[in-house]
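1. need a structure here:
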Amino acid sequence: MKEEKPVLKGKSLTDLTEICRHLGLEAYRAKQIYVGIYKSRYTSIDQFSSLSKETRELLKEKTVFPEIQLGRELISKDGTRKFTFDVEPGKEVETVWIPSADGERKTICISSQIGCTLNCAFCATGLLEYKGNLHSWQIIDQILQVEKIVQDRATNIVFMGMGEPMHNYFSVMKAAHILHDKEGMGLGARRITISTAGVVPGIHRFIDNKEPFNFAISLNHPNPNARSSVMDINVKHPLEKLLDAARRFTQELDRMITFEYVMIPDVNMGKENLDRLVKIARSVNKCKINVIPLNTDFTGWRRPTEDEVRDFVSYLRQKAGVPILNRQSPGRDINGACGMLALKGVRNENIH
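-> The predicted model follows:
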């Protein structure tokens, strides 16, 4: 049986050192390759000028240096850009470039799975067929390809695209540590956010491993019974278990945790739900709440009005005693906003 060639991209320094050893190369060559891929952002083995021509030829013969392929691109009037990438034949993911209005913050929202195994009622990705986990190189390459296209570097990375990161834990964490490594892509740990819909064992693993990254939980309903109608994961991992894990996070890691809350009129914005949400915020030591207006309409639900959003946020800010941020839904006109990542056969075009 033919031995599969190792992929250089998405590998840690330890991985690359082992690959070099197997190829009969000096161990220090691994560091040169590592820095070339992540810090220098080389796109081909020929660019590794610190390596001899013989070494480059050996790498081209014995290893693989792949790229995911750009499918489509949409550009929003607010500067948000959404990309589809072919990661394998017949398998696509979406990635979103989100610049802040002042241009200081440049966020890339990346996917961790092809489709999703969950079925959150407000999320278009859950309607897609699940086709597997992404490899660490396919996660990293979303960032490399987007940066190459927009000719700029990201300041922040959020694992909030297609898929549930805790269901692809090891590839996600390998990618996150490459992003964070000063010899890799050099992003501070607090500029990398990993999100979960509520996979409780994954949260405990994250805590046990003392991962340094920001962490967010998609809460979306404060009622332990009603949450299951919005997020089916609540059946397997009930809200109280999820909140216990969140409290453990803040206590043992001594860091703030973020709750994401999609505002859905007549579903989770009523006074009773507000009071429950306030109680949750007060019970979790060190948290903040990001509220997001509903963006999808395929459920028959509607987007909240500006008055409804203002009243909801105002009440939380008065009562919860924690930071409240309204994320405003950038890229909504190109289906690039939270909950809208699904492939719909869109054409390459700019939307103004």
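2. what's the weakest-modelled helix or strand in the protein?
-> strand 349-350 (a mean of 37; mean pLDDT, DSSP states H and E).
3. Low-confidence regions, the stretch 251-352 of the chain specifically.
-> 298, 328-352 (pLDDT under 70).
4. 50 instead, please
-> Counting by pLDDT under 50, the stretch 251-352 of the chain has low-confidence residues at 336-337, 339, 343, 345-352.
5. Same check on the stretch 101-250 of the chain?
-> The low-confidence ranges in the stretch 101-250 of the chain, as defined by pLDDT under 50, are absent entirely.
6. which residues touch E211?
-> The neighbours of E211, taking C-beta atoms under 8 Å, 6 or more residues apart in numbering as the test, are M173, A176, I194. For the C-beta atoms, the positions are set from N, CA and C on the backbone; glycine is no exception.
7. Give me the most central residue, the chain.
-> F159 (1.1 Å; C-alpha atoms, centre = their mean).
8. For that one, which residues count as its bridge partners?
-> I194 (DSSP bridges).
9. Hmm, S112 and it touching each other?
-> Yes - using C-beta atoms under 8 Å, F159 is in contact with S112, at 5.7 Å.
10. shared neighbours, those two?
-> Joint contacts of F159 and S112 (C-beta under 8 Å, 6+ apart) are P165, V172.
11. Pretty sure R153 sits in a helix.
-> No - with DSSP: H, G, I helix; E, B strand; the rest coil as the criterion, R153 is assigned coil and is not in a helix.
12. Same list (the contacts of E211) but as JSON lines, adding neighbour count and distance to I75.
-> Putting these into JSON lines (neighbours: other C-beta atoms under 10 Å; distance: C-beta to C-beta, whole Å) gives the following:
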{"residue": "M173", "neighbour count": "19", "distance to I75": "32"}
{"residue": "A176", "neighbour count": "24", "distance to I75": "28"}
{"residue": "I194", "neighbour count": "23", "distance to I75": "27"}
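13. now the helices: where do they sit in the stretch 201-350 of the chain?
-> 227-230, 233-236, 239-253, 271-283, 306-319 (DSSP state H, counting those that start in this stretch).
14. of all those helices, which lies closest to F213?
-> F213 lies closest to helix 239-253 among the helices of the stretch 201-350 of the chain, at 10.5 Å (C-beta to C-beta).
15. Now do the nearest residue to P238 once chain neighbours are set aside against I280, distance only.
-> Spatial nearest neighbour of P238, chain neighbours left out: P224 (6.2 Å); criterion: C-beta to C-beta, 6 or more residues apart in numbering. Relative to I280, P224 is positioned 10 Å away (C-beta to C-beta, to the nearest Å).
16. Neighbour count for those two, which is higher?
-> I280 (20 against 15; other C-beta atoms under 10 Å).
17. Pull up the distance across stretch 20-33, start to finish.
-> 10 Å (C-alpha to C-alpha, to the nearest Å).
18. in that stretch, what counts as buried?
-> C20, L25, R29, A30, Q32, I33 (16 or more other C-beta atoms under 10 Å).
19. which residues touch the residue nearest to the centre of the chain?
-> I110, S112, P165, V172, A176, I192, T193, I194, S195.
20. Just put the contacts of E211 in CSV and tack on distance to V150.
-> Converted to CSV, these look like this (distance: C-beta to C-beta, whole Å):
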residue, distance to V150
M173, 26
A176, 21
I194, 23
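21. Nearest to H237, out of the residues you listed: which one, please.
-> Once C-beta to C-beta is applied, the member of the contacts of E211 that ends up nearest H237 is I194, at 16.5 Å.
22. Does the closest one touch V172 like I think?
-> Yes - applying C-beta under 8 Å as the test, I194 and V172 come out as touching, 6.5 Å apart.
23. any common contacting residues for those two?
-> If you check I194 and V172 against C-beta under 8 Å, 6+ apart, the residues they both contact are F159, P165.
24. Please list all residues in contact with the closest residue to N119 other than its chain neighbours.
-> Spatial nearest neighbour of N119, chain neighbours left out: G126 (4.3 Å); criterion: C-beta to C-beta, 6+ apart. In this structure, G126 makes contact with C116, L118, N119, C120, judged by C-beta under 8 Å, 6+ apart.
25. List only buried entries from the residues you listed.
-> Buried among those (16+ other C-beta under 10 Å): C116, L118, C120.
26. how much space between I257 and S171?
-> In terms of C-beta to C-beta, I257 sits 23 Å off from S171.
27. So which elements touch the helix or strand where W97 lies?
-> Using DSSP states H and E, W97 sits within strand 91-99. Packing contacts for strand 91-99, counted by 3 or more C-beta pairs under 8 Å, 6 or more residues apart in numbering; DSSP states H and E, involve strand 81-88, strand 106-109, strand 113-114, helix 136-150.
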